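In: Here is a sequence together with a model predicted from it:
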Amino acid sequence: MKNVFEPNHLDCDLSPYTGLTRESWIEAAEYLLNGIFQNIRNFDDPVVMPRKETDVTYPHSADAVWEHKAEYFEGLARSLFIAAPLIHIRPKLVLNDICVRNYYKSQILRACTPGDPVYVGSYAECKKLSEDPNPFRAFQQTVETCALVICLWMSREEIWDTYTKEEKDVIADFLIEYAHGNTVPQNWRLFNMLDMAFLHMEGYAIDANIMREHAQAVLAYYAGDGWYRDGHSFDYYSCWAFNVYAPLWNQWYGYVQEPYLARKFEENSNALMRTYADFFDADGFTNMWGRSSIYRTAATSAFDGNLMLRSSAANPGLARRISSGSLMQFMGRADFLYRGVPTLGFYGQFTPLVQGYSCAESPFWLGKAFLCLHLPADHPFWTAKESNGTWEKLGAKEVKTTVLDGPALCFSNHGANGETILRTGKVVKDKTDEHGMWNYAKLCFNTKYPWESAPRRDVEAQQYVLHDKTADTYDRANVTFWYGERDGVLYRRQFFGYELETECHWIQAVNLADYTVPFGVVRADRLRLFKKPVTLTLGAYGFPDNGTECIAKEQDYEGGTARAVILKGRDFTGREKQLAMTIYDGWDCLKTVNSTGTNPDSEKSVVVYAETARRSHNHYEQAILVSQVITKEDLADFAEDELFPIQKIVYTDPQAKGGYGPVTITHRDGTVRVIDFDGIEGQLML
């Protein structure tokens, strides 16, 4: 098996950006499925894959029988995302001397049959095995029942319709308990809803009141612009869960049985389509952001979900272009697979990304991207010419910024480098949840610079780190409030070590103000400190280190000297990369730190960071911190006015420290930005 997927079928007339067609996608599905079946030795073996990481992921012990059952089911159901549409297209497909259709038909029935060695367990059995006294406990199997019914629907003729009535009843009896049982009060409700909808389609009795209760609750999570709140946070679950499952539910059940709810779900999906294409970059790359990033290209499945609706707003040529670009973002890399199976990482294996609810088979959730193969060959998704939406109209130095206040998302498309930068808010994480802060609380998430974990305890990429010199503690911002955009500037606030039992005035904080420039973002943040001395660092993006040139430059501006550090090099794939960080007022110096094992792209990395100190308690010191991070995908030098764009900074206070009043920043090209924090206090949102 080749380490990198290389499609044989390309059509650069139909798909001028990626070359990929429906046949290319079929090849990609078979490529991934072949990797899976290389690890299945016998027809009777379950879909259990080789596991490289063993400290974080489950099963957490050999004795956790219910966890092993969950792993069996996760491997079966999630690999079906890839297999089911392929089985419908190629029912006679054989891999590793195993007929794929017959294998899954057998495994599905066995997984649902009590007493079978690969039976994945009823809810009651899982509860007994877990010895958990919580009467509302939910289990991983509920998640996978939903994947199972979707895939049974997609391969109906080849699998479901070939079962006997007695065999169908066995599967239905298994599903009924999970469909009506305990679930997690978030996106999980949709799993129960689809289970019940499938059973209803097949003539089995369901409780419509339970269905309605879940559906109204899901609708109530809606925050606007197509996004749903999933717990405290917003993330891709809005896209690969809410906006995939809800359209399916509409089609199976809602349009007829609950027309009001179905209409609202359709409206919400179409609202997402108005801006979602701009969430991806000029290459169709998916941003590494939020939990479960091991699911990668599953984020594109929202396009397919929208195309299932009676009234769809998705642009088919744009949807396919983004889906194909995201697919090759991962499948075009030599580090994507471990022994034929997607790694527990974003690109290669990356343990800082991995969460305890995952197992070796969890990455198959990315198979949701392949659900588009259920669309027939003559569907516009496959026949429309690829288009690239915003990127076809964006000027070479133009930036398009989209601000969504409901989910607190601001994403900017940069014509100069083809990158998309995401800035987020409404983030609430425990102050000890380092992993959660990496996923949600970075100041910027960049499609070409996936987030880096901590290279050192006092330095983070795209995060402030505050060192309290008195207590000798290091704090990161675990809570991010959102104000929104005003006059081209995005305003937020971050608290360091926020906790509910402490009044906010006793928590160190920083008011964030940032705005875009052609190659990146300029920051003009204001410190809100109540105790000193402290030191503060701010890192740029993590930079893959495969041989990096580091250059330092300086340039005077009205009022001071700006300093810049430029990194030039290549990522894991050999793609040229360049990053520059520039500091102005408020910062003392720029430094770099080299790291190993903290970057998702490459084993080694470099982080440029700014550093400053505030020494005198209760003294009026410099409050404004001005910096810039810019990037591009080639090694041609940045122009001087790109590295050093600011001509002057004018303060309201005579001391020119920025503790109060507007701050006016004038760029060399005549652009003027006024940073004014007045009025944000009463409008901050979580």
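Out: Looks like it came in fine. Numbers count the residues shown, from 1 in each chain.
In: residues in contact with the one helix or strand Ala302 maps to?
Out: Under the criterion of DSSP states H and E, Ala302 resides in helix 301-307. With C-beta atoms under 8 Å, 6 or more residues apart in numbering as the contact definition, helix 301-307 has outside contacts at 239-240, 243-248, 269-270, 272-273, 276, 312-314, 316, 319, 322-323, 368-369, 371-372, 374-375, 379, 381. C-beta here means a position set from N, CA and C on the backbone, and glycine is covered the same way.
In: With stretch 51-67 instead?
Out: With contacts defined as C-beta under 8 Å, 6+ apart, stretch 51-67 is touched by 68, 70-71, 121, 125-126, 129-130, 139, 338, 343-344, 349, 351, 354-360, 362.
In: Which secondary structure state is assigned to the nearest residue to Gly547 once chain neighbours are set aside?
Out: Spatial nearest neighbour of Gly547, excluding adjacent residues (C-beta to C-beta, 6 or more residues apart in numbering): Gly569 at 5.9 Å. The local conformation at Gly569, judged by DSSP: H, G, I helix; E, B strand; the rest coil, is strand.
In: bridging residues for Gly569?
Out: For Gly569, the beta-bridge partners are Lys577 (DSSP bridges).
In: Hmm, Lys577 and it touching each other?
Out: Yes: Gly569 lies in contact with Lys577 (C-beta atoms under 8 Å); the separation is 5.6 Å.
In: average model confidence for the longest strand anywhere in the chain?
Out: The single longest strand within the chain, with elements called by DSSP state E, is strand 473-486. Average pLDDT, strand 473-486: 98.
In: And the next helix or strand past it?
Out: strand 489-496.
In: Contacts for that following strand next, please.
Out: 403, 410, 423, 425, 441, 464, 466, 475-485, 504, 507-515, 528, 673-675, 677, 680, 684.
In: can you list the domains in the protein?
Out: The chain resolves into domains spanning 22-391, 394-683 when parsed by automatic domain parsing.
In: I'd like these as a markdown table, with distance to Leu14 appended.
Out: Formatted as a markdown table, the domains of the chain follow (distance: least, C-beta to C-beta, whole Å):
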| stretch | distance to Leu14 |
| --- | --- |
| domain 22-391 | 6 |
| domain 394-683 | 22 |
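In: Next, format those as a markdown table and append distance to Phe5 and mean neighbour count.
Out: As requested, the domains of the chain are exported to a markdown table (distance: least, C-beta to C-beta, whole Å; neighbours: other C-beta atoms under 10 Å):
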| stretch | distance to Phe5 | mean neighbour count |
| --- | --- | --- |
| domain 22-391 | 4 | 20 |
| domain 394-683 | 13 | 19 |
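In: that older thread, dump the residue contacts of the residue nearest to Gly547.
Out: So Gly569 contacts Phe543, Pro544, Asp545, Asn546, Gly547, Thr548, Glu549, Glu576, Lys577, Gln578 (C-beta under 8 Å, 6+ apart).
In: And for Tyr295?
Out: Tyr236, Trp240, Ser362, Pro363, Trp365, Leu366, Lys368.
In: Pull up the gap between it and Arg78, please.
Out: Look at Tyr295 and Arg78: by C-beta to C-beta, to the nearest Å, they are 10 Å apart.
In: shared neighbours, those two?
Out: Ser362, Trp365.
In: thinking again about what came up before, who does the longest strand of the chain touch, helix- and strand-wise?
Out: strand 399-404, strand 427-428, helix 434-440, strand 464-468, strand 489-496 (3 or more C-beta pairs under 8 Å, 6 or more residues apart in numbering; DSSP states H and E).
In: Could you export these as JSON lines, including mean pLDDT and distance to His414?
Out: Output for these, formatted as JSON lines (pLDDT from 0 to 100; distance: least, C-beta to C-beta, whole Å):
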{"stretch": "strand 399-404", "mean pLDDT": "98", "distance to His414": "5"}
{"stretch": "strand 427-428", "mean pLDDT": "98", "distance to His414": "23"}
{"stretch": "helix 434-440", "mean pLDDT": "97", "distance to His414": "22"}
{"stretch": "strand 464-468", "mean pLDDT": "98", "distance to His414": "23"}
{"stretch": "strand 489-496", "mean pLDDT": "98", "distance to His414": "15"}
